[in-house]
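Undergrad: quick check, what structure comes out for this input:
(chains A and B)
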Amino acid sequence: MIDEKILADHNLTHEEYDHIVRLVGREPNLTELGIFSVMWSEHCGYKSSKVYLKKFPTKGKYVIQGPGENAGVLDIGDGLAVVFKIESHNHPSYIEPYQGAATGVGGILRDIFTMGARPVAVLDSLRFGPLDNPKNRAITDGVVSGISGYGNSFGVPTVGGEAYFHECYAQNPLVNVCCVGLAEKDKLFFARAQGVGNAVIYVGAKTGRDGIHGATMASAEFGKETEHKRPNVQVGDPFKEKLLLEACLEAMAKNLIVGIQDMGAAGLTCSTTEMAAKAGTGMEINLDLVPQREAGMNPYEIMLSESQERMLIVAEPEKVKELQQIFNKWDLDAVVIGRVTDDGQLKAYFHGELVIDIPVKAVVDLCPAYRRPTKVPSFIRKISRFHLPEILSDLNEVFLKLLSSPTIADKEWVFRQYDHMVQVNTMVLPGADSAVLRLKGLKKGLAMTLDGNSLYTFLNPERGGQIAVAEACRNLACVGAVPIGVTNCLNFGNPEKPEVMWQFKEAVEGIAEACRQFDIPVTGGNVSFYNETEGKSIYPTPVLGIVGLVEDTSTVPSPGFLAAGEAIVLLGENKEELGGSEYLRVIFNLEKGQPPALDFDLEKHLLECCRQVIRQKLIRTAHDLSEGGLAVALAECSFHSPKKIGFEVKLTDPIRTDALLFGESQSRIILVAKEKNVKKILALARKLKVKARVIGKTGGRKMVIWHRKKKVVDQPVDLGYNAWKNAIPNYFEVKKD
Amino acid sequence: MKFGVVVFPGSNCDYDTFHVLQNIMGQETVFLWHKDPNLKNVDWVVLPGGFSYGDYLRSGAIARFSPIMTEVKKFAQAGGLVLGICNGFQILLEAGLLPGGMLRNKNLKFLCQHVYIRIENNKTAFSNAGKKGQVLKIPIAHFDGNYYAPPDLLAELEKNNQIVFRYCDEQGQMTEEANVNGSLHSIAGLMNKEGNVCGMMPHPERASEKILGSEDGKIIFQSMINYLEKKMGTRKKKKVTATRPAISSLPPIIGSF
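TA: Numbers count the residues shown, from 1 in each chain, chains lettered A, B, ... in the order given. This is a model prediction of the structure:
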């Protein structure tokens, strides 16, 4: 009955099929095969990545829950826990940008509130093709609207993130959504079907035929025709999700729930098998009882549907009634569809017939793990060496051009479509180094950031991974936060290609090393392979989401200049490093060289120094240096300044002027302080072995930089501001004739 | 005095409004569940922001049929005080408690940002704590906030001083740029002829704490408190202290079955 074609349709190899037959003890039927196919897909089973993911450090003093649950959990004191995770929704967002992105938000929100936490913030990392192409604009517009439509209605603030634009994402946009939630530490819930005889309850939206095989789709590359995959994308209903959130949290507060899991990828299949496997139990369900949106659905469709806004709950039989009352109050279905058993099998009945009978352990834990072959890509040698081009005569022009590069330019067009203030906790608005939330009634606050530079990772995957972690930590340090936990989203091409697998292995090793160095545990994340269309892969794109703790929210500095006449202090060292820079890419169309070097000890001292000057209230503005280097970072301080204050900076470093202005050397931060505090800052830096010096002053309406007595940048703030501010809106504005 | 914050299933600024009224303004505040035809003897009803019933149809179009709105209407018609914020404003328009309607923002995008609004009339229950012409910094967050009314209605609103707030720039000038959503006559907030029902698109509850960048929103809540205190005489205030603010991220149990 199971033939070549069926196996191919399910993305299963012959070896995998033989393995399934051995585990089940007979030939599986089509529904059972479908279950194995989604659970053993790359998306759910992590079969190519598992062996490498083990390298991440996962333990630490803040960790309550590491990888393996719906989300990671950190202890932040005062009886509170932070629940957070990142997920990708890349493939669906290319096929149907609005719904793809919207359901990406919906999925990660459920991962958070299924653990008993109220989502308090969303951040997203977006990658699109260049905006001069109308199709890329349509995808960008659709994805942003989708995130906005879902998050705003649900009532979670989207407080930050990043957006990059590059040709490699034209046919493979990346939509990575990270959600952070807050829970009471002793009221966490887990995806475990404990207690034989307990009721299995289906809650939320009805099951339809949408999204069947979404997880499998996300585990293969795309060919020319993707239109027909549109039915694989789910449709989101944020209002229903909001009801589900409130009902679940209310039921949790009343202690009516034993275990709970959301139905995300692989829907009912994933929630039933995983909850039983984690508890060492089995489950028996009646598919006829599953609330259905359309008539005539078969077991295969019911089990594999990825309809949104659904949860599976295990509860003690005597509490079912009260639980149902709560869900009915919120106008949601809550139907007992089965019970927990002790035989380790998932058994499902349909029209009175046993249609599924498989061991849950086999489905969940025995997915094969592959150590796929790796090979250094041939281009790596070619791109690492190159001749630096001549410095252009008009660096003012270069400066303006960089400010209006969409990757560097203001992202307000994106984030003002997101409600970033609902829940009244957002202290630092989007656009700064890190988002900061106050915690009502407490002195401390929560900071979070998403980072990843894929050009660095393309040129040198290991260092790219390391820099992503360092950059995120630096962004957190700029608001005075100590990093306490990491989640990551690893977006790569086809793992069956040894070159892609090499990139993956190197990047993971880089991230793991950096996390060990900075002593921050990885508590979960997501791997997205097969980001390829017509054989063309994206640049390897690891995105790091790091949560930090701010001890005292009253010390959080501003990302912009607050007053004229204050001293600008540079922490760190300017080096002659231009490889992988936005400058070479935008101005010379060069994507070559080695990304900047990273010295962990130096970085650690720098972070500590930055946090200490903030804690001691010695500064009012801090900003880290990243894409576009020193000149762009200074300009951003002017643009974030409420009064658009300018600056004058004098430098004498013995390096090329373009490297000084636009080079992206790591471990550098700009601090701005009142004159009287400068001595203390420099002394503190000396003590911590961090290079620090005053490079100039804030003030005036111009941005001026001198290098060795020559004025190399001299621009009115307004001119730069307009270039930076309007770059992205200009692509979308309807031209009036 | 007692404030009631209505909770529609899709309200998402209900906790925020509750938090500010109770923990910042120190007022006794209760939630009013949308299915309960009961206003719990409150002195003031606030319809908070959010997406009432999903708002897949026109914003607020379904909410006006809810049991609580029948009560709110009776309350308003009897002279009771009602403030609608954002979605609450949209609901008041749909329910016919305020005149006019909302179109999509002029750029056809959701807009979340700080804006400036000018107090046009400070002789109201919603603005008496401010000065006429005073500029307030308060954020907006909406898709449908582009106020529309036919010319004769606009003339009447102007004539009766029903326009409480208008969008302006930092200096208080009304410009096309400052009128971000495209509202006619830059209307950001208006009240009914009787002066007991007011709707506004900006969110005063998001601008009531220094740590969030502005405290100007408190002027609106303080005006309401002043008005009630005056109306109720020198009756002793019930002192309310903040309750478990750290855990206020978790839901208080609201409504009944």
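
Undergrad: could you check how far the closest residue to chain A within chain B is from A:L245?
TA: Relative to chain A, the nearest point of chain B is B:N12 (2.6 Å; C-beta to the nearest C-beta). Just so you know, the C-beta spots here come from the backbone N, C-alpha and C atoms, and that holds for glycine as well. Taking C-beta to C-beta, to the nearest Å as the measure, B:N12 and A:L245 are separated by 10 Å.

Undergrad: neighbour count for the two, which is higher?
TA: When B:N12 is set against A:L245 and neighbours are counted by other C-beta atoms under 10 Å in any protein chain shown, the residue ahead is B:N12, at 26 against 23.

Undergrad: for the closest residue to chain B within the stretch 201-350 of chain A, pull up the helix or strand it's in.
TA: When you check the stretch 201-350 of chain A against chain B by C-beta to the nearest C-beta, the closest residue turns out to be A:F239, at 3.1 Å. Using DSSP states H and E, A:F239 sits within helix A:238-253.

Undergrad: and after that helix, which helix or strand comes next?
TA: Next along the chain after helix A:238-253, taking DSSP H and E as the criterion, comes strand A:259-262.

Undergrad: alpha carbons only: can I get the next helix or strand after that next one in CSV?
TA: Remark: after strand A:259-262, the chain's next helix or strand is helix A:267-279, criterion DSSP H and E. Backbone C-alpha positions of helix A:267-279 (Å, rounded to 0.1, in the frame of the first residue of the first chain) are rendered in CSV as follows:
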residue,chain,number,x,y,z
GLY,A,267,-1.2,19.9,15.2
LEU,A,268,-3.0,17.2,17.1
THR,A,269,-0.3,14.7,16.1
CYS,A,270,2.5,16.6,17.9
SER,A,271,0.5,17.5,21.0
THR,A,272,-0.8,14.0,21.7
THR,A,273,2.4,12.1,21.0
GLU,A,274,4.7,14.6,22.7
MET,A,275,2.7,15.0,25.9
ALA,A,276,2.4,11.2,26.3
ALA,A,277,6.0,10.6,25.5
LYS,A,278,7.2,13.2,28.0
ALA,A,279,5.1,11.7,30.8
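
Undergrad: tell me which other helices or strands helix A:267-279 touches.
TA: Using 3 or more C-beta pairs under 8 Å, 6 or more residues apart in numbering or on different chains; DSSP states H and E as the contact criterion, the neighbours of helix A:267-279 among helices and strands are helix A:30-39, strand A:259-262, strand A:282-286, helix A:299-304, strand A:310-315, strand A:345-350, helix A:360-365.

Undergrad: using JSON lines, lay out these together with mean pLDDT.
TA: Rendered in JSON lines, the data for those read as follows (pLDDT from 0 to 100):
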{"stretch": "helix A:30-39", "mean pLDDT": "93"}
{"stretch": "strand A:259-262", "mean pLDDT": "96"}
{"stretch": "strand A:282-286", "mean pLDDT": "97"}
{"stretch": "helix A:299-304", "mean pLDDT": "93"}
{"stretch": "strand A:310-315", "mean pLDDT": "97"}
{"stretch": "strand A:345-350", "mean pLDDT": "97"}
{"stretch": "helix A:360-365", "mean pLDDT": "95"}
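
Undergrad: may I have the beta-bridge partners of A:E353?
TA: Residues in a beta bridge with A:E353, per DSSP bridges, are A:F350.

Undergrad: please apply the same query to the one 5 residues further on.
TA: A:I358 forms beta bridges with A:L346, as assigned by DSSP bridges.

Undergrad: low pLDDT regions in the stretch 101-250 of chain B?
TA: By pLDDT under 70, the weakly predicted segments of the stretch 101-250 of chain B are B:234-250.

Undergrad: which residues does residue 191 contact?
TA: The chain I'm using is chain A. A:E69, A:N70, A:T114, A:G259, A:I260, A:Q261, A:S271, A:E274, A:M275, A:K278 (C-beta atoms under 8 Å, 6 or more residues apart in numbering or on different chains).

Undergrad: try again with chain B
TA: Contact analysis of B:M191 by C-beta under 8 Å, 6+ apart lists B:L98, B:T124, B:F126, B:Q162, B:V164, B:V197, B:C198, B:G199.

Undergrad: hang on, isn't the residue of chain B closest to chain A packed against B:G54?
TA: No. B:N12 lies out of contact with B:G54 (C-beta atoms under 8 Å); the separation is 11.5 Å.

Undergrad: mutual contacts of these two, please.
TA: Counting by C-beta under 8 Å, 6+ apart, the shared contacts of B:N12 and B:G54 are A:S153.

Undergrad: near chain B, which residues of the stretch 1-150 of chain A?
TA: A:D78, A:G79, A:L80, A:R118, A:V120, A:S145, A:S148, A:G149 (C-beta under 8 Å from any C-beta of the partner chain).

Undergrad: 10 Å instead?
TA: Residues of the stretch 1-150 of chain A lying close to chain B by C-beta under 10 Å from any C-beta of the partner chain are A:78-80, A:116-120, A:141, A:144-145, A:148-149.

Undergrad: ok, now the stretch 251-400 of chain A?
TA: By C-beta under 10 Å from any C-beta, the residues of the stretch 251-400 of chain A that approach chain B are A:M252, A:A253, A:K254, A:E322, A:Q325, A:I326, A:N328, A:K329, A:W330, A:D331, A:L332.

Undergrad: can you tell me how far the fifth one is from A:A315?
TA: Going from A:Q325 to A:A315 by C-beta to C-beta gives 13 Å.

Undergrad: what do these two both touch?
TA: Residues touching both A:Q325 and A:A315 (C-beta atoms under 10 Å, 6 or more residues apart in numbering or on different chains) are A:A251, A:L256, A:A334.

Undergrad: can these go into JSON lines with extra columns for distance to A:N677?
TA: Rendered in JSON lines, the data for the shared contacts of A:Q325 and A:A315 read as follows (distance: C-beta to C-beta, whole Å):
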{"residue": "A:A251", "distance to A:N677": "52"}
{"residue": "A:L256", "distance to A:N677": "55"}
{"residue": "A:A334", "distance to A:N677": "59"}
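
Undergrad: which one of these sits in the busiest neighbourhood?
TA: Neighbour counts for these were taken using other C-beta under 10 Å; the highest belongs to A:A251, which has 26 neighbours.

Undergrad: distance-wise, check that residue relative to A:L544.
TA: In this structure, A:A251 lies at 34 Å from A:L544, with C-beta to C-beta as the measure.

Undergrad: count of neighbours near B:S127?
TA: A total of 27 residues lie near B:S127 under the criterion other C-beta under 10 Å.

Undergrad: what about it, which SS state?
TA: Secondary structure assignment for B:S127 (DSSP: H, G, I helix; E, B strand; the rest coil): coil.

Undergrad: before we move on, the earlier item: what do B:N12 and A:L245 both touch?
TA: Counting by C-beta under 10 Å, 6+ apart, the common neighbours of B:N12 and A:L245 are A:F154, A:G155, A:V156.

Undergrad: just to revisit the earlier point, looking at the residues of the stretch 1-150 of chain A next to chain B, which are in strands?
TA: Secondary-structure check on the residues of the stretch 1-150 of chain A next to chain B using DSSP state E: residues within strands are A:L80, A:R118, A:P119, A:V120.

Undergrad: can you say which two of the residues you listed are spatially most distant?
TA: A:L80 and A:P119 (14.4 Å; C-beta to C-beta).

Undergrad: compare neighbour counts for these two and give me the winner.
TA: When A:L80 is set against A:P119 and neighbours are counted by other C-beta under 10 Å, the residue ahead is A:P119, at 27 against 20.

Undergrad: contact partners for A:G151?
TA: By C-beta under 10 Å, 6+ apart, A:G151 lies in contact with A:101-102, A:105-106, A:109, A:119, A:121-122, A:124, A:157-158, A:177, A:179, A:238, A:417-420, A:422, B:110.

Undergrad: kindly recompute the last result at 7 Å.
TA: By C-beta atoms under 7 Å, 6 or more residues apart in numbering or on different chains, A:G151 lies in contact with A:V105, A:V122, A:T158, A:Y418, A:D419.
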